[in-house]
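> model this:
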Amino acid sequence: MEIKQFSENALTIHLGDEIDEQINRQLVALRHRIEEMTFPGIEEIVLSYTSLIIYFDIFKTDVTALREAVGKVDESSLLEEKVSYRVIEIPVCYGGEYGPDIESFESDGLSPEEVIALHANKEYLVYMLGFMPGFPYLGGLDERLYKARLETPRVRIPPGSVGIGGKQTGMYPFESPGGWHLLGRTPVPLFDRGREEQILYEAGDRIVYRPIDQAEFKEIAARIKAGEYDIQFEVREG
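Numbers count the residues shown, from 1 in each chain. Coordinates of the predicted model:
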């Protein structure tokens, strides 16, 4: 464990150099430990692939005491700690206008139906959020779906688009440029300022994509607009 201070209001705790599920588990457990310390002035704890950043109020937080407390955490014990996480179901309409790149996998020997079968109905680990608020970088993609990003990125990707970039899958909360291969789209707002939880997930959670057709896509979109749709999720501990 390396603890460094790159700015006056943040500590960075570095646990490794590789994208690894075990490191993610340690980071999630460490975040839980730090939250339990209840240090005054801690404003936010942000996870990346291999590090955790603690942002704090320099006028309220004793950074020396915080650094010492974190440094006393036994790194190996983090793997033994049970923490709760959510498994969130995201409905996705694959192919067609929502997933214009799904047929590009035919050059890899996969039909659109096979791509959907490989991509949907499995749990993906949220390693981190980045690029924009609510954009999840997900691990657990079947290696048969690995695909390098587009040589020429799109200027506009609609919000809710689900795609693949390299060895990862993820989804765009907002309209944005991007170079990921688009497989489908969800009608569920991934970021909503009016929602109690503006972002549906955080690092350590899991996401499951559930295939839907265009009729159900429109039905869910209408229910969301009317405030009648509930996001499906399950809380687990492990």
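
> Buried residues, stretch 174-186. List them.
F174, S176, G178, W180, H181, L182, L183, G184, R185, T186 (16 or more other CB atoms under 10 Å). Placement of C-beta: from N, CA and C, glycine included.

> How about F105: what's its closest non-neighbour residue?
V115 (5.0 Å; CB to CB, 6 or more residues apart in numbering).

> contacting residues around that neighbour?
Going by CB atoms under 8 Å, 6 or more residues apart in numbering, V115 touches Y94, I102, F105, L145, L183.

> Could you identify the most distant pair in those?
Within the contacts of V115, Y94 and L145 form the most distant pair, 12.4 Å apart (CB to CB).

> sorry, back to before: from the contacts of V115, pick the one nearest P159.
L183 (15.2 Å).

> phi, psi of I116?
phi -60, psi -40 (degrees, to the nearest 10).

> What is the burial count for it?
20 (other CB atoms under 10 Å).

> Pairing partners for the nearest residue to it once chain neighbours are set aside in the sheet, please.
For I116, ignoring the flanking residues on the chain, the nearest one in space by CB to CB, 6+ apart is Y94 at 4.8 Å. Beta-bridge partners of Y94, counted by DSSP bridges, are G184.

> For Y94, give its distance to G166.
20 Å (CB to CB, to the nearest Å).

> Export whatever helix or strand A222 lives in to PDB, keeping only CA atoms.
Assigned by DSSP states H and E, A222 belongs to helix 214-225. Output of helix 214-225 as PDB, limited to C-alpha atoms (Å, rounded to 0.1, in the frame of the first residue of the first chain):
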ATOM      1  CA  GLN A 214     -38.300  -2.100 -29.200                       C
ATOM      2  CA  ALA A 215     -41.800  -2.400 -27.900                       C
ATOM      3  CA  GLU A 216     -40.600  -2.900 -24.300                       C
ATOM      4  CA  PHE A 217     -38.000  -0.200 -24.800                       C
ATOM      5  CA  LYS A 218     -40.800   2.300 -25.600                       C
ATOM      6  CA  GLU A 219     -43.000   1.000 -22.800                       C
ATOM      7  CA  ILE A 220     -40.200   1.400 -20.200                       C
ATOM      8  CA  ALA A 221     -39.400   4.900 -21.500                       C
ATOM      9  CA  ALA A 222     -43.000   5.900 -21.100                       C
ATOM     10  CA  ARG A 223     -43.200   4.500 -17.600                       C
ATOM     11  CA  ILE A 224     -40.000   6.300 -16.600                       C
ATOM     12  CA  LYS A 225     -41.400   9.600 -17.900                       C
END
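
> Thanks a lot, catch you later.
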